[in-house]
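Asker: sequence first, then the predicted structure:
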Amino acid sequence: MTVRATIVRETIVSIVINIVISIGFFLAVFGLATPFVVVGRMAADFLPQTFMVTLMGTLVPSLILRRKRNAAAGPIVLRCIGLAVAATLIVGGAAFWLCRIHEDATLPAFSALILRAAYGGLLAAITTPIALIALFQSSRSIS
């Protein structure tokens, strides 16, 4: 399998897993019992969601690929934590800010759920390939 095909496959898996996890956390925190979710209540939750989706969406596939390819890659854990922090500050911060400026607005609970699931999937679609490309580049430079 080519490097590109591997990155695409692992990214798709990461997207699906992070959508499911995002839905689970939304249901645990907000539920669907109330018909509307106040946007301001979702603001702070974007920060840990961004960090965890990015960390797990980069660390797990990187470790799996390293093991499958018997690659001696660089500091994978530190790279993934750094990417998670950067994504949290930039993307999570932007989501937090957007929620705060619309804090009194409401969304139907199901729409808020779809928004959070899409956010988790999009975040994985962006960050997983970044980490995997870095893994392949570092393993190439080491070998």
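Answerer: The structure has been received and is ready for your questions. Numbers count the residues shown, from 1 in each chain.

Asker: so how far is stretch 16-25 off the chain centroid?
Answerer: Relative to its parent chain, stretch 16-25 has a centroid offset of 10 Å by CA atoms, centre = their mean, to the nearest Å.

Asker: what does that stretch contact?
Answerer: 45, 49, 52-53, 56-57, 113, 116-121, 123-124 (CB atoms under 8 Å, 6 or more residues apart in numbering). Every C-beta, even on glycine, is put in place using the N, C-alpha and C of the backbone.

Asker: how does it look with 7 Å?
Answerer: Applying CB atoms under 7 Å, 6 or more residues apart in numbering, the external contacts of stretch 16-25 come out as 49, 53, 57, 113, 116, 117, 119, 120, 121, 123, 124.

Asker: quick one: low-confidence parts of this structure?
Answerer: Residue ranges of the chain with pLDDT under 70: 69-73, 139-143.

Asker: please flag which of the contacts of stretch 16-25 sit within helices.
Answerer: 49, 53, 57, 113, 116, 117, 119, 120, 121, 123, 124 (DSSP state H).

Asker: which ones are touching the residue nearest the centre of the chain?
Answerer: Of all residues in the chain, the one closest to the mean position by CA atoms, centre = their mean is residue 53, 3.0 Å from it. Each residue near residue 53 by CB under 7 Å, 6+ apart is listed here: 18, 22, 120, 123, 124.

Asker: 10 Å instead, please
Answerer: 14, 17-19, 21-22, 25, 84, 87-88, 91-92, 119-124, 127-128 (CB atoms under 10 Å, 6 or more residues apart in numbering).
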